[in-house]
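Enquirer: I would like the atomic coordinates for the input below:
(2 chains)
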Amino acid sequence: KAGVTQTPRYLIKTRGQQVTLSCSPISGHRSVSWYQQTPGQGLQFLFEYFSETQRNKGNFPGRFSGRQFSNSRSEMNVSTLELGDSALYLCASSIGTGPSYEQYFGPGTRLTVT
Amino acid sequence: DQQVKQNSPSLSVQEGRISILNCDYTNSMFDYFLWYKKYPAEGPTFLISISSIKDKNEDGRFTVFLNKSAKHLSLHIVPSQPGDSAVYFCAAVRGGSYIPTFGRGTSLIVHP
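Expert: Below is the predicted model of the structure:
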């Protein structure tokens, strides 16, 4: 079974620009979550989509948004980029129902804002 | 306010010895706990989990212990191998939430 894929792997953007990141979950997984990882801060939860609906949301400003398509693929968008948005953005997929809580992560997208 | 805390940012262990990584949590509503391992330039990989109805779960060299009264869990790796060198994240889930809360990680270095 193919793992979680994320594109692009690396991205350099300028302050004020916007960016879209993409995530393809494991086949059969209906939940996709997005995390931001910065040095010393661990994994900060952005949002989770389940069956095309945002089911959970973290404490990030409205500049961060996402969506999920009918094939469970998900995109995350950040508008009006700030220097502090430089981070590793991780996508994780899971079954999203029942007693299974394990998430499976992609390799991440390294975003650098200059 | 950190609900999941990994108070040791780093740990150094000799190959063949036991590695013990610790994690504390404050939210008594958490009822499922997971450990993830992360190598540089890769996403975290699920390692082992434990439900709050158990106090121990084993998988090969990895054992997780849960002390609910102390709100503490630990991951034991025996014997430690150089390939175990990575950052280990503890995570906790509130039942029905499906969103884990992660600790900030502990960097384990296993010396040959």
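
Enquirer: Around chain A, pick out the residues from chain B.
Expert: B:32, B:34, B:36, B:41-46, B:49, B:89, B:93, B:97-105 (Cβ under 8 Å from any Cβ of the partner chain). Glycine gets a C-beta too; all of them are placed from N, C-alpha and C.

Enquirer: In PyMOL, select just the buried ones from these.
Expert: This is the PyMOL syntax for the buried subset of those, where burial follows 16 or more other Cβ atoms under 10 Å in any protein chain shown:
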select buried, chain B and resi 32+34+36+43+44+46+49+89+93+97+98+99+100+101+102+103+104+105
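
Enquirer: Would you confirm that A:Thr97 contacts A:His29?
Expert: No - with contact defined as Cβ atoms under 8 Å, A:Thr97 and A:His29 do not form a contacting pair (10.3 Å).

Enquirer: Could you check which of those two is surrounded by more residues?
Expert: A:His29 (19 against 11; other Cβ atoms under 10 Å in any protein chain shown).

Enquirer: which ones are touching the more buried one?
Expert: By Cβ atoms under 8 Å, 6 or more residues apart in numbering or on different chains, the residues touching A:His29 are A:Ser72, A:Ser93, A:Ser94, A:Ile95, A:Gly96, A:Tyr104.

Enquirer: and the nearest residue to the first one once chain neighbours are set aside, how far is that from A:Leu46?
Expert: Okay, so that is A:Ser72. What sits nearest to A:Ser72 in space, not counting adjacent residues and going by Cβ to Cβ, 6 or more residues apart in numbering or on different chains, is A:Pro25, at 5.1 Å. When distance is defined by Cβ to Cβ, to the nearest Å, A:Pro25 is 15 Å away from A:Leu46.

Enquirer: Of those two, which one has the most company?
Expert: A:Pro25 (27 against 22).
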